[in-house]
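Participant: sequence plus predicted model, see below.
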Amino acid sequence: MSAEEHTRSSLRHDGSRVDIQPADVSGRFNTARRITFVLLIAMLVCLPLTTIGGHPAVFLDVDRRAFYLFGLVFNAGDIWLVFFLLSGAGFSLVVLTTLAGRVWCGWACPQTVFLEGVYRRIERIIEGPASRRLRMNAGNMTFGLAIKKIVKHIAFALASVAIAHIFVAYFVSPAKLMAMVREAPGEHWEAFLWMGSLSLVLYLNFAFFREQFCLIVCPYGRLQSALLDAGSLVVGYDSTRGEPRGKAASAQRGDCVDCGRCVAVCPTAIDIRNGLQLDCIGCTACIDACDDVMVRLGQPRGLIRYDSQQGLAHLPRRFWRPRLELYSALLIAGIGAFSVAVAHRSSFDASLIRIPGQPYSVAGGAIVNGFTVHLSNKSNSDRDFEITARSDSGVEFDLPLKRAHLAPMGMAHLPVIAHIPQDKFMGDTPFVVEIRADSDPNKIELHGRFLGGMHE
Amino acid sequence: MASRAPNESSAEDKIIHEYDGIGECDHQLPNWWVWTFIATVAFAIGYFFYYSQLRSGELPLEAYKREVAEHAAARAEQIRAHGVMDRDALEGLSKDPKSVAKGGELFQQTCSPCHAANGGGGIGPNLTDRYWIHGGAPNDIYQTITDGVPAKGMAAWGGQLGAEAIQNVTAFVLTLRNTNVPDGKPPQGELSNETEYK
């Protein structure tokens, strides 16, 4: 960019922040975004409230290391699956960015959903439209203004507390949350502290920090320049059509009338006409603002539009690019591996452990090996388990507990005593312990080794 | 847009460094960023004086040592409350139906594979006669269960079960003495006169 073109930004050269008060905007994208925000917030509230298989649809019970996801139960032993969750989320975002730029930022990121869908709505209701807000903030503090500010911040604080409770519900279950709300904070001070600090962070973020989070803190925002290419969909200004901008009815002027609406509605205080910028969160407000003006002037919409940089430059658009193919292949491979892992995941866990001490003993003319089966029920219902053992070489088994009844996430230690008459012992030999759960076609086979020695 | 703070003094937009067509201006860091940085430095100084100079707070090692001491004190308290595990205490426990029931349950799970469900012995010795290999006094039995007899295949249950469970199992085993179940293993060890057989 040449030095003559000046940047607009949320920060001044001296490091102070610009008071950003985006003007109201209405249009197709704004309506669609409002609906999306409502649906996403409804989803956030409903996920812990919906019950699947006796548990909330999403319930991360960190206290008991049990994680309920849409009817599946995971315990601490399944922690390796988190790799797929994180890498899957990462690759989804990478593919999405290559395809459509910052749609996540503009439409679905909690920062945007809560800021535009909740906090700025509150601000608009209490303090009025952008022009009045800017005038109020620049002028002297009056009594009426102070009242408005206090009311606004109380409303912000209440919204933050409400959102914090929704988040806490994911970790303690809504039923327990409701019980805790009725108790004194001292009876569950840990949860209360989480809720309190979360409320404070949310309040400070949404009342003051706002777009600075997207522009300076968020790593995904900073990665944009690496993830986008000329074929990615971005919110952009068609400079070929728009320039030279101006109000004069001169013959050569482009379609941009330089009304400044696109700048006035921008939540990060940039001028989209300067081209693709790291500060643009793809919120589409400038598209609606410009379309509105174009329609009134009898011009076609889309001077500012969703398009690729190729499209905006009136070059041929290229959809399938090597990076898109690579990212998609990696994403599909990850989803495939995850599906296989979850499908083959047993609803219970078992391991065979030799009783510590001597590997074998000789008693009453028999060689004896002692083992314990550590069994845990990972399903979300009470279940009965059956344990059997077999050997091809004459080893016999004492199973004092052949059946075990376990509550969800319950654990048991089942002894397995293997023995063989001394005269039949022909050297170390493998054996198999099999564990079956009622109403589960899967079984777990544990392989053990019977040890002994030759004695006279 | 007069109400918006103008951002446009071109002198400050001067590009001071350019490479590959990417220009760099010399702008101030965001003020909130600078103040956060200063606040972290101030916090670090305060932290240093609070913990390392004034010694007002506990460093992690000190906190660890205190917690270990607290734990030891709590354990000592527990031992005092439960009484020393001498023969009288265990003998007393064997008269307590609740302890015996708990111990019996555990016996069926843990001990019966070797000692048989009725205590008559199998892989392990008979517990229902009057003969004991490693001592028939209540505290001997307690010790044998806790430490095991690794040389003979008896596991050390102390670590797995914990003291309270072993007290209960001992109480249950004490009720087996001299019940002489029918299909029991022949006696092993020495005749014990130690105990008051019922």
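Facilitator: Looks like it arrived, so ask away. All values reported here derive from a predicted model rather than from experimental measurement. Numbers count the residues shown, from 1 in each chain, chains lettered A, B, ... in the order given.
Participant: from here on, contacts and neighbour counts on C-alpha atoms
Facilitator: OK.
Participant: give me the nearest residue to residue B:52, chain neighbours excluded.
Facilitator: Counting by CA to CA, 6 or more residues apart in numbering or on different chains, residue B:52 lies nearest to residue B:59, which is 8.0 Å off, once chain neighbours are set aside.
Participant: can you get me a residue count around residue A:152?
Facilitator: Residues lying near residue A:152 (other CA atoms under 10 Å in any protein chain shown) number 20.
Participant: can you check residue B:67 too?
Facilitator: For residue B:67, using other CA under 10 Å, the count is 12.
Participant: so it lies in a helix, does it not?
Facilitator: Yes: assessed with DSSP: H, G, I helix; E, B strand; the rest coil, residue B:67 lies in a helix.
Participant: in terms of pLDDT, where does it sit?
Facilitator: Per-residue confidence (pLDDT) for residue B:67: 92.
Participant: ok, back up a step: my read: the residue nearest to residue B:52 touches residue B:53, true?
Facilitator: No: in this structure residue B:59 lies outside contact range of residue B:53 using CA atoms under 8 Å: 11.3 Å.
Participant: could you chop chain B up by domain?
Facilitator: Domain assignment for chain B, taken from automatic domain parsing, gives B:13-53, B:87-191.
Participant: and those domains, which one's lowest on average pLDDT?
Facilitator: Lowest mean pLDDT within those: domain B:87-191, a mean of 84.
Participant: for chain B, what spans make up the strands?
Facilitator: Secondary structure of chain B, counting by DSSP state E: strands at B:15-19, B:22-25, B:131-132, B:190-191.
Participant: most packed of those strands?
Facilitator: Highest mean neighbour count among the strands of chain B (mean count of other CA atoms under 10 Å in any protein chain shown): strand B:131-132, with a mean of 20.
Participant: what's the burial count for the residue in chain B that chain A sits nearest to?
Facilitator: Of chain B, the residue with the smallest distance to chain A, taken as CA to the nearest CA, is residue B:30 at 4.1 Å. Number of residues near residue B:30 (other CA under 10 Å) recorded here: 19.
Participant: list the contacts of the closest residue to it other than its chain neighbours.
Facilitator: Leaving aside its sequence neighbours, residue B:30 sits nearest to residue A:15 (CA to CA, 6+ apart; 4.1 Å). Contacts for residue A:15 (CA atoms under 8 Å, 6 or more residues apart in numbering or on different chains) come out as B:27, B:28, B:29, B:30, B:31.
Participant: list the buried residues for the lengthiest helix in chain A?
Facilitator: Of all the elements of type helix in chain A, the one with the most residues (DSSP state H) is helix A:143-172. Going by neighbour count (16 or more other CA atoms under 10 Å in any protein chain shown), the buried part of helix A:143-172 is A:149, A:152-153, A:155-157, A:159-161, A:163-172.
Participant: go ahead and confirm residue A:307 touches residue A:276.
Facilitator: No: the criterion here is CA under 8 Å, and residue A:307 misses it with residue A:276 at 11.3 Å.
Participant: the more surrounded of these two?
Facilitator: With neighbours defined as other CA under 10 Å, residue A:307 and residue A:276 compare such that residue A:307 has more, 22 against 15.
Participant: who's that one bridged to?
Facilitator: Going by DSSP bridges, residue A:307 is paired in beta bridges with residue A:234.
Participant: ok, it to chain B distance?
Facilitator: Distance, residue A:307 to chain B, by CA to the nearest CA, to the nearest Å: 24 Å.
Participant: who's in contact with that residue?
Facilitator: Contact analysis of residue A:307 by CA under 8 Å, 6+ apart lists A:232, A:233, A:234, A:235, A:236.
Participant: from these, which is closest to residue A:340?
Facilitator: Among the contacts of residue A:307, residue A:232 lies closest to residue A:340 (CA to CA), at 31.7 Å.
Participant: what is the neighbour count of the closest one?
Facilitator: 26.
Participant: in chain A, which helix or strand is least confident?
Facilitator: strand A:361-363 (a mean of 70; mean pLDDT, DSSP states H and E).
Participant: got the end-to-end distance for stretch B:22-31?
Facilitator: Taking CA to CA, to the nearest Å, stretch B:22-31 runs 25 Å from one end to the other.
Participant: with stretch A:391-399 instead?
Facilitator: Counting by CA to CA, you get 14 Å between the two ends of stretch A:391-399.
Participant: so what sits against both of residue A:307 and residue A:276?
Facilitator: Residues touching both residue A:307 and residue A:276 (CA under 8 Å, 6+ apart) are A:234, A:235, A:236.
Participant: so which of the residues you listed is surrounded by the most neighbours?
Facilitator: In the shared contacts of residue A:307 and residue A:276, the most neighbours by other CA under 10 Å go to residue A:235, 29 neighbours.
Participant: which one is that residue nearest to, not counting chain neighbours?
Facilitator: Of all residues not flanking residue A:235 in the chain, residue A:306 sits nearest, at 4.6 Å (CA to CA, 6+ apart).
Participant: hmm, back to that, would you turn the contacts of residue A:307 into JSON lines with pLDDT?
Facilitator: Listed next are the contacts of residue A:307 as JSON lines, based on pLDDT from 0 to 100:
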{"residue": "A:232", "pLDDT": "94"}
{"residue": "A:233", "pLDDT": "94"}
{"residue": "A:234", "pLDDT": "95"}
{"residue": "A:235", "pLDDT": "96"}
{"residue": "A:236", "pLDDT": "96"}
